[in-house]
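Trainee: Give me a 3D structure for the following:
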Amino acid sequence: MESVKQIIRDIPDFPKEGIIFKDITPLLADASAFGETINALKKRYVDKEIDRVVGVEARGFIFASALAYALGAGTTMVRKPGKLPYKTYQETYSLEYGTDTIEIHQDAFQPSERIVLIDDVLATGGTLAATLNLIRKNFESVEIEEVAFLIELDFLNGREKLKDIPIHSLIHY
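Mentor: I've put the predicted structure just below:
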């Protein structure tokens, strides 16, 4: 993954001063690097009998779709409010300055499906903690195999909010 890590570029002061944003668009544009990323994830989950890959808004959709295809699985989206057309369940969670809400379709899973969740970056862990709460509260029979990330920003300690679930990150900063 070192070659993939080299493709990700740093954007200083984005989206606000003091932040160094990890820009994955060069990775997505590089067919070889993107393929290497999806193949690394596929190798991890190919023998786990995954039924569904859950992508978290919005860059998580990219990885979830590609991984689901590679595994022969379906994909499910977790989105911001008002973006899903059918009946949804919601989860509101706290941010540093306010709250946010995520939604999932009420028919997102079949009973006893094995799922893996994926997003591009694990930062503070708030969105993924809310996603796990949303799924566990509304789909009790679903088996969550793991949560996966392309990038983990270790210095933000996002794992602390996800203590009760296995986590796999391809790249660490």
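
Trainee: any chance you could map the helices in this protein?
Mentor: With DSSP state H, the ranges of helices along the chain come out as 2-7, 25-29, 31-45, 59-71, 126-138.

Trainee: could the ones you listed go into CSV alongside mean neighbour count and mean pLDDT?
Mentor: (C-beta placed from N, C-alpha, C; glycine too.) Output for the helices of the chain, formatted as CSV (neighbours: other Cβ atoms under 10 Å; pLDDT from 0 to 100):
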stretch, mean neighbour count, mean pLDDT
helix 2-7, 14, 96
helix 25-29, 15, 98
helix 31-45, 16, 98
helix 59-71, 21, 98
helix 126-138, 19, 97
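
Trainee: Okay, and the beta partners of the residue nearest the centre of the chain?
Mentor: Among the residues of the chain, the smallest C-alpha distance to the mean C-alpha position (Cα atoms, centre = their mean) belongs to Asp119, namely 1.9 Å. For Asp119, the residues forming beta bridges with it (DSSP bridges) are Phe149.

Trainee: Now do the same for it: its pLDDT.
Mentor: Asp119 carries a pLDDT value of 98.

Trainee: shouldn't it be in contact with Ile62?
Mentor: No. The criterion here is Cβ atoms under 8 Å, and Asp119 misses it with Ile62 at 10.1 Å.
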